[in-house]
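Student: Kindly return the folded structure for what I paste below:
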Amino acid sequence: MAHVVMIFTSKKSANHTIKFGLMVDSKKVYGRKLLPKPTRCLKCHSFDGTHIATECPQEHDTCRTCREHHCTNTCEIKDPIQYQCINCNEKGHTAWSRECPTFVQKWEAHRRRHDKARYIFFPTEDLLTW
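Tutor: A predicted model of the protein is given here:
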């Protein structure tokens, strides 16, 4: 799987691509608007949005895979069943998982606060984009 970010010169072009897709390497691909995600500190992995890693009040790094006090890149846990999320304290997923109940809750609250996230398309004079 791969991801690509495309910038369009007009809302109309972006909306056309969202609606009809593009051909990439002879394959039809569909896009979506790139929306801001809730901020997560990369040191303690908190979604509270009050700080980032350089300003983290926590003295030690917290592993985003197993929630122990070590850097994630030194973690020896490879079995997803042993993953443990620092945000919701549930086993079976990591702090970066999009299925984490805490992330889902923060993402929904974040979306409600941002007008750009309300619509699938970029609003234009065409009422079908609203």
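Student: burial count for Trp96?
Tutor: 15 (other C-beta atoms under 10 Å). For the C-beta atoms, the positions are set from N, CA and C on the backbone; glycine is no exception.
Student: quick one: least confident helix or strand in this structure?
Tutor: helix 101-113 (a mean of 88; mean pLDDT, DSSP states H and E).
Student: buried stuff in it?
Tutor: 102-103, 106-107, 110-111 (16 or more other C-beta atoms under 10 Å).
Student: any idea which of those residues is closest to Met6?
Tutor: Nearest to Met6 out of the buried residues of helix 101-113 is Arg111 (C-beta to C-beta; 21.6 Å).
Student: Do a quick rundown of the strands in the chain.
Tutor: Assigned by DSSP state E, the chain shows strands spanning 22-24, 27-29.
Student: picking up where we left off before, distance from the chain centre to the least confident helix or strand of the chain, please.
Tutor: 10 Å (C-alpha atoms, centre = their mean, to the nearest Å).
Student: Next one: Val24 from Ser10, what distance?
Tutor: 20 Å (C-beta to C-beta, to the nearest Å).
Student: same check, this time on Cys75
Tutor: 45 Å.
Student: what about the two, which has more around it?
Tutor: Taking neighbours as other C-beta under 10 Å, Cys75 and Ser10 compare with Cys75 leading, 16 against 10.
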